[in-house]
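S.K.: What follows is a predicted protein model with its sequence.
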Amino acid sequence: QVQLVESGGGLVQAGGSLTLACVASGTIFRVDAMGWYRQAPGKQRELVAIIARDSSTNYADSVKGRCTISRDNAKNTVYLQMNSLKPEDTSVYYCNAVVWRLGSSRSRDYWGQGTQVTVSS
C-alpha cells in the first residue's frame, strides 16, 4: 500500500505564511509527479502547483509569485511554501502523487486526506 500524509495546515492571518508538507510512504519504487490541489466548500478541486521528478514546476495563476513547490526525492516528500496568504486561499489542501509501486507494471495516482488552511481577514 501507499499512503500520503499531509501536515502544516492551520489558521493564519491574511498576509501570513504557511508551509505544507506531504510524505509518501509504503511499497514505493519511484514517485513521479507530485502536486498540491485545493477544494473550497461548494467548489471543484483545483490545481495549486505541481512538480515533476526533475523539479520542473507549474502553478495556478492565482498563486504564482506567492507559492513555491519543492520536493525531496530521497524522502518522497513534497512541500508547498505559501506566502502573502489571502482569505480566498482558504481551502482543504490535498497532496497528490503519481507512484510506481514495487513490482507494479504501471503507475497510479494517490491522494492524501487533506489539510485545512484557513486565512482570516
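M.R.: Thanks, I have it.
S.K.: Let me see the mean pLDDT of stretch 66-73.
M.R.: For stretch 66-73, the mean per-residue pLDDT is 98.
S.K.: oh, I was asking about stretch 112-121
M.R.: For stretch 112-121, mean pLDDT is 97.
S.K.: now the end-to-end length of that stretch.
M.R.: End-to-end span of stretch 112-121 (Cα to Cα, to the nearest Å): 28 Å.
S.K.: Spell out the residue ranges of the strands in this structure.
M.R.: Remark: strands assigned in the chain by DSSP state E are 2-7, 10-13, 18-26, 28-39, 46-51, 57-59, 67-72, 77-82, 91-101, 107-111, 115-120.
S.K.: Counting by contacts, list what the first one packs against.
M.R.: The one in question is strand 2-7. In terms of contact count using 3 or more Cβ pairs under 8 Å, 6 or more residues apart in numbering; DSSP states H and E, strand 2-7 is assigned the packing partners strand 18-26, strand 91-101, strand 107-111. (C-beta placed from N, C-alpha, C; glycine too.)
S.K.: beta partners of residue 51?
M.R.: Beta-bridge partners for residue 51, by DSSP bridges, are residue 34, residue 57.
S.K.: one step back: I'd like the strands of the chain as a markdown table, with mean neighbour count appended.
M.R.: Putting the strands of the chain into a markdown table (neighbours: other Cβ atoms under 10 Å) gives the following:
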| stretch | mean neighbour count |
| --- | --- |
| strand 2-7 | 17 |
| strand 10-13 | 13 |
| strand 18-26 | 18 |
| strand 28-39 | 19 |
| strand 46-51 | 19 |
| strand 57-59 | 15 |
| strand 67-72 | 18 |
| strand 77-82 | 22 |
| strand 91-101 | 21 |
| strand 107-111 | 14 |
| strand 115-120 | 17 |
